[in-house]
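Enquirer: Sequence below, structure please.
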Amino acid sequence: MIKNIVFDVGQVLMSYTPENYLKNLGFSEKTVQTLRKAIFESTLWEAGDRGIISTEEIWEGFRKNAPGLKKEVQTVYDNLGDVVELMPYAEDWVKTLKEQGYHLYILSNYAEHTYQLSSHKMKFLPYMDGTLFSYVYKMAKPDREIYEKLCTMYQLNPRETVFFDDREDNIAGAGACGIHGILFQNHEQAKKNLETLLKRENGK
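Expert: Alright, predicted model coming up:
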């Protein structure tokens with residue numbers, strides 16, 4: 001029986017579109033592509049999610065990745081909260097599930113600086129029974145330990161738990177721990193897949 005519903009944040013409850021974010025800052029197409037590779041596609045970005053080096057070290061690394069664009073990198077840093085926006089359905093969706101009696105949780109790869117600048121947009125947080133943001137615990141999806149940490153922290157039975165994520169490798173990581181996974185492509189698809197799972201597991 002499904003009792004617990006776990007959400008990723010980026011591209012599930014919040015949009016995450018680095019290229020659009022960079023364009024909205026007014027950079028040229030060439031600068032957008034350079035910064036996208038130097039920052040968002042750098043291994044340092046994952047290091048930020050894992051919280052294994054300091055924010056200052058990470059952004060110094062980004063500046064080195066984009067020589068001649070120190071000012072532009074600083075602009076990205078100062079405005080990073082705008083790389084995510086609340087999905088229009090997010091708050092109502094989690095509120096409805098909460099009212100239906102499900103326990104709700106967040107499991108998300110997230111860097112500290114991004115969290116500090118964007119958490120005020122997470123209108124779904126008051127409905128959550130618990131959260132696990134990767135940087136706090138120095139681990140990240142799809143590593144097995146982060147799913148086990150979530151279950152241990154909140155005493156979740158994996159077979160009673162379903163996880164939404166937009167990445168197949170993260171769904172596979174959850175599945176390896178016995179957690180039901182639903183690959184999130186869009187809200188309507190995700191709702192339908194959840195309804196199908198609940199009918200099968202809960203008879204409703």
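Enquirer: going forward, measure contacts and count neighbours with C-alpha atoms only.
Expert: OK.
Enquirer: residue contacts, S108?
Expert: Taking Cα atoms under 8 Å, 6 or more residues apart in numbering as the definition of contact, the neighbours of S108 are 7-10, 132-134, 140-141.
Enquirer: In terms of pLDDT, where does it sit?
Expert: What the model reports as pLDDT for S108 is 98.
Enquirer: any idea how far L13 is from it?
Expert: Using Cα to Cα, to the nearest Å, one obtains 11 Å as the distance from S108 to L13.
Enquirer: M87 is in contact with M122, correct?
Expert: No - applying Cα atoms under 8 Å as the test, M122 and M87 come out as separate, 9.5 Å apart.
Enquirer: And I171, how close does it get to L86?
Expert: Here the distance between I171 and L86 works out to 22 Å (Cα to Cα).
Enquirer: picking up where we left off before, what I need now is the contacts of S108 written out in a markdown table, including distance to N193 for each item.
Expert: Formatted as a markdown table, those follow (distance: Cα to Cα, whole Å):
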| residue | distance to N193 |
| --- | --- |
| F7 | 14 |
| D8 | 16 |
| V9 | 18 |
| G10 | 19 |
| L132 | 24 |
| F133 | 25 |
| S134 | 26 |
| A140 | 25 |
| K141 | 22 |
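Enquirer: Those residues in helices, which ones?
Expert: When those are checked against helices (DSSP state H), the matches are S134.
Enquirer: With distance to F62 and pLDDT added, can I get the contacts of S108 in TSV?
Expert: Putting those into TSV (distance: Cα to Cα, whole Å; pLDDT from 0 to 100) gives the following:
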residue	distance to F62	pLDDT
F7	29	98
D8	25	98
V9	24	98
G10	21	97
L132	26	98
F133	22	98
S134	20	98
A140	20	97
K141	22	98
